[in-house]
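J.: Please work out how this folds:
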Amino acid sequence: MLILNSALKRLLIVRYNNILNIDKMKLENFTSTDEKRIFIMILLIFTCCFSSYAQKMNTYLHKELNANVGSICEETPDDNPCAGSEIYLSLLFDEKKVEIAEKEISTCGKESISLIGTFNWKLVKNQKIIIDFATEKTKGTYAEKLFLELKQQQLIGSVTDLNGRVIKYVFKEKN
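T.: You can find the predicted model right below:
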């Protein structure tokens, strides 16, 4: 335990200008073989954790993801099979931006798409996806007050409605 503590202390104290530049660190800074092994082990663990963290969004990149967020049913005086429609929120992620649109698909299969906008996004450590929404573009849409997170290998959207209830949507890849 003493060897581990001293090795960690040396890792943390190496030199303040080398802390942010790991590529400048040299293994010669460590005097014993145990310290070198610990340093390499910590570096490998950090690399594996970081790459698995970044890989979680890769399965969703460049794929259209949809969630059913609402439905409309219109009363008509006659028997009209096209009086209803389903509303979907559609997301298309690339490495830095996400395109968000609303899709309305009538019961007759007619599809209309309304682009909400393209926004910057990033995945943060707690598996939440932060989107830099432009409020004027999302106001009055299903993307208004939308929060996204990765949970159990699924992309989950959450919206708080006017009554304060949290509604969750599961985004799935378009078939």
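J.: Centroid-nearest residue for this protein?
T.: residue 129 (3.6 Å; Cα atoms, centre = their mean).
J.: check which helix or strand covers that residue.
T.: Assigning secondary structure by DSSP states H and E places residue 129 in strand 128-131.
J.: So which elements touch that strand?
T.: If you count contacts as 3 or more Cβ pairs under 8 Å, 6 or more residues apart in numbering; DSSP states H and E, strand 128-131 packs onto strand 111-123, strand 146-151. Just so you know, the C-beta spots here come from the backbone N, C-alpha and C atoms, and that holds for glycine as well.
J.: Please list the residues outside stretch 142-156 that contact it.
T.: 56-57, 60, 65, 69-70, 87, 89, 91, 100, 102, 116, 123, 126-129, 131, 133, 138, 157-160, 168-171 (Cβ atoms under 8 Å, 6 or more residues apart in numbering).
J.: Among these, which are located in strands?
T.: Using DSSP state E, the subset of those located in strands is 65, 69-70, 87, 89, 91, 100, 102, 116, 123, 128-129, 131, 157-160, 168-171.
J.: ok, back up a step: most neighbours per residue, which of the helices and strands packed on strand 128-131?
T.: Highest mean neighbour count among these (mean count of other Cβ atoms under 10 Å): strand 146-151, with a mean of 18.
J.: ok, the nearest residue to the residue nearest to the centre of the chain once chain neighbours are set aside to residue 61 distance?
T.: Of all residues not flanking residue 129 in the chain, residue 148 sits nearest, at 4.0 Å (Cβ to Cβ, 6 or more residues apart in numbering). Separation of residue 148 from residue 61 (Cβ to Cβ, to the nearest Å) stands at 14 Å.
J.: cool, and residue 150?
T.: Distance from residue 150 to residue 61, by Cβ to Cβ: 13 Å.
J.: and the strand holding residue 129, what's its mean pLDDT?
T.: Taken as a whole, strand 128-131 has an average pLDDT of 93.
J.: and that strand, which strands flank it?
T.: strand 111-123 (antiparallel), strand 146-151 (antiparallel) (DSSP bridges).
J.: residues of that strand that come out buried?
T.: Judged by neighbour count (16 or more other Cβ atoms under 10 Å), strand 128-131 contains these buried residues: 129, 131.
J.: what's in contact with that strand?
T.: Residues contacting strand 128-131 (Cβ under 8 Å, 6+ apart): 57, 98, 119-124, 146-150, 155.
J.: With stretch 73-92 instead?
T.: 62-72, 98-108, 110, 113, 142-143, 146, 155, 157, 169, 171, 174.
J.: Please convert the buried members of these into PyMOL selection syntax.
T.: Applying 16+ other Cβ under 10 Å to the contacts of stretch 73-92, the buried members can be selected in PyMOL as follows:
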select buried, resi 64+65+66+67+69+98+100+101+102+103+104+105+106+142+143+146+155+157+169+171
